[in-house]
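Enquirer: 3D, please:
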Amino acid sequence: MGIREPAAPYSPAEPARPAMGDRERNKKRLLELLQAAGTGNAHCADCGAADPDWASYKLGIFVCLNCSGVHRNFPDISKVKSVRLDFWDDSTVEFMTHNGNLRVKAKYEARVPAFYYVPQASDCMVLKEQWIRAKYEREEFMTDGKTISPSGNREGFLWKRGRDNAQFLRRRFVLLAREGLLTYYTKEEGKGPKAIINIKDLNATFQTEKMGNPHGLQITYRREGHIRNLFVYHESGKEIVDWFNALRAARLQYLMAAFPELPESEQREPFKKRWFALDPQERRLLYYKNPLDAFEQGQVFLGSQEQGYEVKEDLPKGIRGNRWKAGLTIITPERRFLFTCPNEKEQREWLESFRDVLSRPLTAFHLLTASTESGHSSR
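Expert: Numbering: from 1, shown residues only. Purely as a prediction, here's the structure:
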């Protein structure tokens with residue numbers, strides 16, 4: 001008589017995977033849910049990237065690959081799966097159906113301050129990570145959460161790049177929003193500030209690739225008729241993003257109080273080779289003679305299509321570039337700006353970036369900024 005081994009006990013903690021038919025059915029339901037009208041699921045819940053392929057089945061949202069990587073860092077709050085590759089059981093799909101991006105955003109983004117920058121798909125990773133952590137981990141924007149208000153003062157140390165060399169030195173920065181000033185000090189104690197920067201002349205944008213640092217922030221300000229750049233970073237992603245939003249808050253306070261009219265100028269000149277940087281946060285196109293120049297040579301404010309701003313492929317008829325033939329034209333209500341790119345690939349990338357900015361509606365923050373800078377360009 002043979003001996004039979006006992007069957008393995010059933011463990012409720014490890015449910016059986018769904019049959020192949022159930023798996024395909026649930027996958028189809030998820031793909032349909034991605035395109036369902038009125039859900040917002042067709043774009044990443046955190047950065048707005050189109051066609052997200054991942055989902056947080058603990059929060060009930062669909063996210064892109066980049067943002068899903070951030071969600072993996074706090075599994076007690078969010079857990080992610082691939083929409084197309086992973087197994088989904090009926091109850092989890094039902095949970096996704098009853099939530100979705102717009103419903104969850106209404107909960108976690110109920111009170112986002114006007115000054116707080118909401119990152120887009122093309123923004124750097126530190127902005128996306130801190131936005132996601134602020135929403136779900138720290139719950140800063142929920143209706144019953146802690147009120148986020150512009151800080152009157154901020155003080156701390158940042159690493160600043162030396163003007164005459166590539167060495168970064170630790171410097172103390174002090175932001176006084178009520179006075180409308182940003183100052184920084186060298187390491188020597190007992191001395192006055194190295195620079196006093198008026199908030200009305202200041203702009204900040206992340207330039208991680210340009211600086212070769214994942215937390216690299218570029219602070220631009222006007223001094224004695226010239227544009228000066230400060231390149232800074234902090235080891236903490238939260239600290240550098242908090243500084244970035246504090247600067248935006250201080251500038252918004254200034255813009256709401258009063259803003260001067262800027263003069264307009266238009267010059268005609270042949271094509272010159274320049275390094276360009278697009279700041280989609282402030283809707284500005286900035287240009288420099290060299291990538292890490294301390295002084296910016298000029299800037300162009302980019303409004304919205306509704307305001308008459310437009311970008312066109314190629315140059316106007318009868319105008320040709322010097323060596324580069326792949327051209328594009330930016331049209332503002334006041335004038336046209338003509339550019340050429342080294343190749344068609346870069347031309348397409350610039351066109352896509354410009355069109356993305358122009359397609360976005362102006363926020364209250366941008367409307368105030370546009371009042372002083374729309375159509376203005378310095379050379």
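
Enquirer: Now do the buried residues in the host helix or strand of residue 94.
Expert: Using DSSP states H and E, residue 94 sits in helix 90-98. By neighbour count with 16 or more other CB atoms under 10 Å, helix 90-98 contains the buried residues 92, 93, 96. Every C-beta, even on glycine, is put in place using the N, C-alpha and C of the backbone.

Enquirer: now stretch 163-179
Expert: By neighbour count on 16+ other CB under 10 Å, the buried set for stretch 163-179 is 168, 171, 172, 173, 175, 176, 177.

Enquirer: Show me what the first one is bridged to.
Expert: Meaning residue 168. Beta-bridge pairing for residue 168 (DSSP bridges): residue 161.

Enquirer: Let me see the contact set for the residue most central in space within the chain.
Expert: Central residue of the chain (CA atoms, centre = their mean): residue 119, 3.3 Å from the mean position. For residue 119, the contacting residues are 46, 47, 127, 128, 131, by CB atoms under 8 Å, 6 or more residues apart in numbering.

Enquirer: Export those as a markdown table, with columns for pLDDT and secondary structure.
Expert: Listed next are those as a markdown table, based on pLDDT from 0 to 100; DSSP: H, G, I helix; E, B strand; the rest coil:
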| residue | pLDDT | secondary structure |
| --- | --- | --- |
| 46 | 96 | coil |
| 47 | 93 | coil |
| 127 | 96 | helix |
| 128 | 96 | helix |
| 131 | 97 | helix |
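
Enquirer: In this structure, mark out all the helices, start to finish.
Expert: Per DSSP state H, the chain carries helices over the ranges 20-34, 65-71, 90-98, 101-108, 125-132, 208-211, 237-257, 344-359, 364-373.

Enquirer: Tell me which of those sits nearest to residue 286.
Expert: Taking CB to CB, helix 208-211 is the member of the helices of the chain nearest to residue 286, at 11.0 Å.

Enquirer: what mean pLDDT would you report for the closest one?
Expert: The average of the pLDDT scores along helix 208-211 is 91.

Enquirer: buried residues in that helix?
Expert: Residues 208, 210, 211 are the ones in helix 208-211 that count as buried (16+ other CB under 10 Å).

Enquirer: And it, how far out from the chain middle?
Expert: Put simply, helix 208-211 sits 14 Å off its chain's centre (CA atoms, centre = their mean, to the nearest Å).

Enquirer: what about residue 102, neighbour count?
Expert: Neighbourhood size, residue 102 [other CB atoms under 10 Å]: 13.

Enquirer: Same check on residue 35?
Expert: Residues lying near residue 35 (other CB under 10 Å) number 10.

Enquirer: show me what contacts it?
Expert: Per CB under 8 Å, 6+ apart, neighbours of residue 35: 41, 42.

Enquirer: cool, residue 326 as well?
Expert: Neighbours of residue 326 in contact, by CB under 8 Å, 6+ apart: 340, 341, 342, 343, 344, 346, 347.

Enquirer: Report the beta-bridge partners for the second one.
Expert: In other words, residue 341. For residue 341, the beta-bridge partners are residue 326 (DSSP bridges).

Enquirer: so where is the stretch 1-150 of the chain shaky, pLDDT-wise?
Expert: Scanning the stretch 1-150 of the chain with the threshold set as pLDDT under 70 gives 1-21, 145-150.

Enquirer: With the stretch 201-350 of the chain instead?
Expert: Residues of the stretch 201-350 of the chain meeting the criterion pLDDT under 70: 258-272, 290-296, 317-318, 320-323.

Enquirer: give me phi/psi at the residue nearest to residue 361 when sequence neighbours are not counted?
Expert: Using CB to CB, 6 or more residues apart in numbering and skipping the chain neighbours, the partner closest in space to residue 361 is residue 304 (5.9 Å). Main-chain dihedrals, residue 304, degrees, to the nearest 10: phi -120, psi 170.

Enquirer: about what we covered before: so the closest residue to the residue nearest to the centre of the chain other than its chain neighbours versus residue 362, what's the distance?
Expert: Leaving aside its sequence neighbours, residue 119 sits nearest to residue 127 (CB to CB, 6+ apart; 4.2 Å). As for residue 127, its distance to residue 362 is 20 Å (criterion: CB to CB, to the nearest Å).

Enquirer: So these two - more neighbours on which side?
Expert: It is residue 127, of residue 127 and residue 362, that has more neighbours when counted by other CB under 10 Å, with 22 against 16.

Enquirer: I figured the more buried one hits residue 204, correct?
Expert: No - applying CB atoms under 8 Å, one finds residue 127 not in contact with residue 204, separated by 11.8 Å.

Enquirer: joint contacts of those two?
Expert: residue 244.

Enquirer: Let me see the contact set for the residue nearest to residue 67 when sequence neighbours are not counted.
Expert: The shortest distance from residue 67 to any non-neighbouring residue, by CB to CB, 6+ apart, is to residue 46 (4.4 Å). Residues in contact with residue 46 (CB under 8 Å, 6+ apart) are 61, 63, 64, 67, 70, 119, 128, 131, 132, 135.

Enquirer: how far away is the first one from residue 357?
Expert: Looking back up the chat, that one is residue 61. As judged by CB to CB, residue 61 and residue 357 stand 25 Å apart.

Enquirer: between these two, who's got more neighbours?
Expert: Of the pair residue 61 and residue 357, residue 61 is the one with more neighbours under other CB under 10 Å, namely 29 against 21.

Enquirer: mind checking how far the more buried one is from residue 301?
Expert: 34 Å.

Enquirer: What of residue 280?
Expert: Look at residue 280 and residue 301: by CB to CB, they are 12 Å apart.
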